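S.K.: take a look and give me a structure for this.
(2 chains)
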Amino acid sequence: MDWGQIITQTLQSAVGREAVVWALLAIGLNVHFGYTGLLNFGQVGFMAVGAYGMAISVTEFGWSVWVGILVGLGGAALLALLLGIPTLRLRADYLAIVTIAAAEIFRRVMAVPNFKEVTGGADGLSAFAGGFYDVNPIPDGNYGFGPWRYDGREAWQLLVGWGVVLLAVLVTYLLMRSPWGRVVRAIREDEDAARSLGKNVYGYKLQSLLVGGLIGALGGMMFALWQSALNPGAYAPGATFLAYTALILGGAARIWGPVVGSAILWGVLRFADVALRQAIDAGYVSDSVMTPSQVGSVRFILMGALLALLVIFRPQGIFGDPREIALEPR
Amino acid sequence: MTPGTFTKVAFDPFESVPEEPGAAKSDPIMTIDVVTRRFGGLLAVSVDHLEIQRGVITALIGPNGAGKTTLFNVLTGFDQANSGTWTFEDQYLNGEVSHAVARRGVVRTFQLTKALARMSVIDNMKLGATKQVGENFFRSFMRPVWRDQERQIETRADELLERFNLARMRDTFAGELSGGQRKLLEMARALMVQPKLIMLDEPMAGVNPALAETIIGHVAELRDEGLTVLFVEHDMDVVRTISDWVVVMSEGQIIAEGRHASIVANPLVIDAYLGAHHVTPLDRKEQERQLAEAEAAIVSEEAGHESE
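M.R.: A predicted model of the protein is given here:
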């Protein structure tokens, strides 16, 4: 087994494109779930609306990709209002049900052949990302150091991607250290107490849903821009739960929790992938136990086991405060 | 706790107030008219008329299920009345949502304390302050805009913590406080709103006697500072010690009003509490005693039959 290769690829994935996308999804969920206590099980819906909004603006209306990004953000904001207005007055579980359903409805509507002209149906859309790469100021070449070596295109993707992540982290940091953040944390703890102190709980929940949803939409747009294509199959509910995995790994209600969680998530997945394949190649694992084509699934099983161990031995995540877990409301 | 431990108000605002349900007060801060709240077939609250006198401590008492907490919930916008109107400082308060009620100056606490467990004590306190610039989404990003106000709020919060003996718990999580300390925190936090009327739902419930006395002292202080206090309480000792006026609820209705002395002598009140017309629920011992009695009766009866 080539440990050098395993470690190199693990480190690459830890700061790779998936790590960026799921960091953004998880930062959004951190605002929703970690700070405000909103149970959003349809973060992938915001991701999909952002990506489709951007792509359709370019492919259908011929607008520039930058206008498309604004359209995508607008779409995500609309989704947040659509989901939030009827459900945020109700008990927390209603939002969970409605968000997961809305995300699935959107994905399936995008995939039906009836609107193929606009949405691309099951094949999805492509040829919308050109504008993003046209402005790439980085000439082709080889950049980076150590295990992290990128050509001009990849360097541009990651530079923008991590830039957006930093921006999202900055936004959450500024919000959460402010009195606004204090109100949403109070809502997480006990919304009736917040109400009795004169806080408009409904309004704050809606704002929180908007902020987290917009950050999730940015993740969706990154995802589409980097693949220069988008496919409805990529927006299945599993994406939301990977984001939750990243959030819980890193520690909820911590500024850097979702970012580090996402890096570890994708690092571990890649590590398991490469290590298992090499183990099969080297004959350490017989074909009767696992074939190379099964590795992709097995790595998620391992991830699940890791998450279970984490929840048992370090429920607060990597950055969390163990005292907070002890004080979890009954 | 002896009566008269805490000085009552200097002049008697109830001098010419008749001790009967719905009595008109000399200076009511809150007036309640024909408020009803129905849960299915149960009429939980049915208050025809009630006035709460400004600047005094009014106790709301009544047996379990009398509708005291429901009335609290309705008045503060945490529950919707089926009918009725109520005013606060001569402005209608019915129809207002709960946070608007608080902003108008009516703040309530809860029977089951609502400490914000995973927030520090000082953050619990600072949350209570109203009109915070930094609570606006856009302005929250600009610290210089809210920094000065935040400092003022913090100073005020620290003063209150000092007064309520919580200063050394300042930076611990509220969830780590004892039950009594949580009650104190909840009261102090309610004061951060700078209310005119504070409604305390069983402020002494589940608190040890020493701390209960401290809380009584704080409640009396609030009154002496000009706040109006309305509180629900079960302990008649407490009611006697600090309340200036007592309102009794039973089965949703106001059945009596008056000073403590007249209330405890009121046959309607005694009836409501002790249940002249109701079967008092049995405790285990009493139940066993009655069972034993019945068994003994059966045995003696059987013995009688045999002897015949």
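S.K.: then A:L265 would be within a helix, right?
M.R.: Yes: under DSSP: H, G, I helix; E, B strand; the rest coil, A:L265 falls within a helix.
S.K.: verify the stated contact: it with A:L242.
M.R.: Yes: under the criterion of Cβ atoms under 8 Å, A:L265 makes contact with A:L242 at 6.8 Å. All C-beta spots, glycine's among them, are computed from the backbone N, C-alpha and C.
S.K.: who has more neighbours out of the two?
M.R.: A:L265 (29 against 23; other Cβ atoms under 10 Å in any protein chain shown).
S.K.: for the more buried one, which non-adjacent residue is closest in space?
M.R.: Nearest non-adjacent residue to A:L265, counting by Cβ to Cβ, 6 or more residues apart in numbering or on different chains: A:A246, 4.7 Å away.
S.K.: okay, and the common contacts of A:L265 and A:L242?
M.R.: Counting by Cβ atoms under 8 Å, 6 or more residues apart in numbering or on different chains, the contacts common to A:L265 and A:L242 are A:W22.
S.K.: the residue nearest to A:L265 reaches A:G261, doesn't it?
M.R.: Yes: assessed by Cβ under 8 Å, A:A246 is found in contact with A:G261 at 3.9 Å.
S.K.: quick check: neighbours shared by the two?
M.R.: With Cβ under 8 Å, 6+ apart as the test, A:A246 and A:G261 both reach A:A23, A:A26.
S.K.: count the neighbours of A:D192 for me.
M.R.: 16.
S.K.: element containing it, please.
M.R.: Using DSSP states H and E, A:D192 maps to helix A:191-196.
S.K.: which residues does that helix contact?
M.R.: A:183, A:186-187, A:201, A:204, B:76-78, B:98-99, B:102, B:107-110, B:114-116, B:127, B:190.
S.K.: quick one: mean pLDDT over it.
M.R.: The average pLDDT within helix A:191-196 is 96.
S.K.: chain center to it: distance?
M.R.: 31 Å (Cα atoms, centre = their mean, to the nearest Å).
S.K.: for stretch B:162-176, same thing?
M.R.: 23 Å.
S.K.: over to stretch B:141-159?
M.R.: The answer for stretch B:141-159 is 31 Å, by Cα atoms, centre = their mean.
S.K.: for stretch B:25-38, same thing?
M.R.: Worked out by Cα atoms, centre = their mean, stretch B:25-38 lies 16 Å from the chain centre.
S.K.: for stretch B:22-41, same thing?
M.R.: 16 Å.
S.K.: same thing with stretch B:139-159?
M.R.: With Cα atoms, centre = their mean, you get 31 Å for stretch B:139-159.
S.K.: repeat that for stretch B:292-308.
M.R.: Worked out by Cα atoms, centre = their mean, stretch B:292-308 lies 52 Å from the chain centre.
S.K.: only C-alpha atoms, please: export that stretch in CSV.
M.R.: Below are the C-alpha coordinates for stretch B:292-308, written out as CSV (Å, rounded to 0.1, in the frame of the first residue of the first chain):
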residue,chain,number,x,y,z
ALA,B,292,-59.1,-0.9,56.5
GLU,B,293,-62.3,0.6,58.0
ALA,B,294,-64.4,-0.9,55.2
GLU,B,295,-62.7,-4.3,55.6
ALA,B,296,-63.3,-4.2,59.3
ALA,B,297,-66.9,-3.4,58.7
ILE,B,298,-67.3,-6.4,56.3
VAL,B,299,-65.5,-8.7,58.8
SER,B,300,-67.8,-7.6,61.6
GLU,B,301,-70.8,-7.9,59.4
GLU,B,302,-69.8,-11.5,58.4
ALA,B,303,-69.2,-12.3,62.1
GLY,B,304,-72.7,-11.0,62.8
HIS,B,305,-74.2,-13.2,60.1
GLU,B,306,-72.4,-16.2,61.6
SER,B,307,-73.7,-15.5,65.1
GLU,B,308,-77.3,-15.3,63.8
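S.K.: average pLDDT across it?
M.R.: pLDDT averaged over stretch B:292-308 gives 73.
S.K.: got it, and stretch B:147-167?
M.R.: On average, stretch B:147-167 scores 96.
S.K.: any weak-confidence spans in the chain?
M.R.: Using chain A here. Filtered on pLDDT under 70, chain A yields the residue ranges A:328-330.
S.K.: oops, I was thinking of chain B
M.R.: Ranges of chain B meeting pLDDT under 70: B:1-11, B:276-282, B:304-308.
S.K.: and it, what are its domain boundaries?
M.R.: Following automatic domain parsing, chain B resolves into domains at B:1-115+B:193-277, B:121-176, B:284-308.
S.K.: will you turn these into a markdown table that also has distance to A:A103 and mean neighbour count?
M.R.: What follows is those, written out as a markdown table (distance: least, Cβ to Cβ, whole Å; neighbours: other Cβ atoms under 10 Å in any protein chain shown):
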| stretch | distance to A:A103 | mean neighbour count |
| --- | --- | --- |
| domain B:1-115+B:193-277 | 30 | 18 |
| domain B:121-176 | 25 | 18 |
| domain B:284-308 | 54 | 9 |
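S.K.: out of the ones you listed, which gets nearest to A:L307?
M.R.: domain B:121-176 (25.6 Å; Cβ to Cβ).
S.K.: distance between the ends of that closest one?
M.R.: For domain B:121-176, the first-to-last residue distance is 9 Å (Cα to Cα, to the nearest Å).
S.K.: all helices of the stretch 51-200 of chain B, in order?
M.R.: Using DSSP state H, counting those that start in this stretch, the helices found in the stretch 51-200 of chain B span residues B:68-75, B:98-104, B:121-128, B:143-163, B:179-192.
S.K.: right, I'll leave it there.
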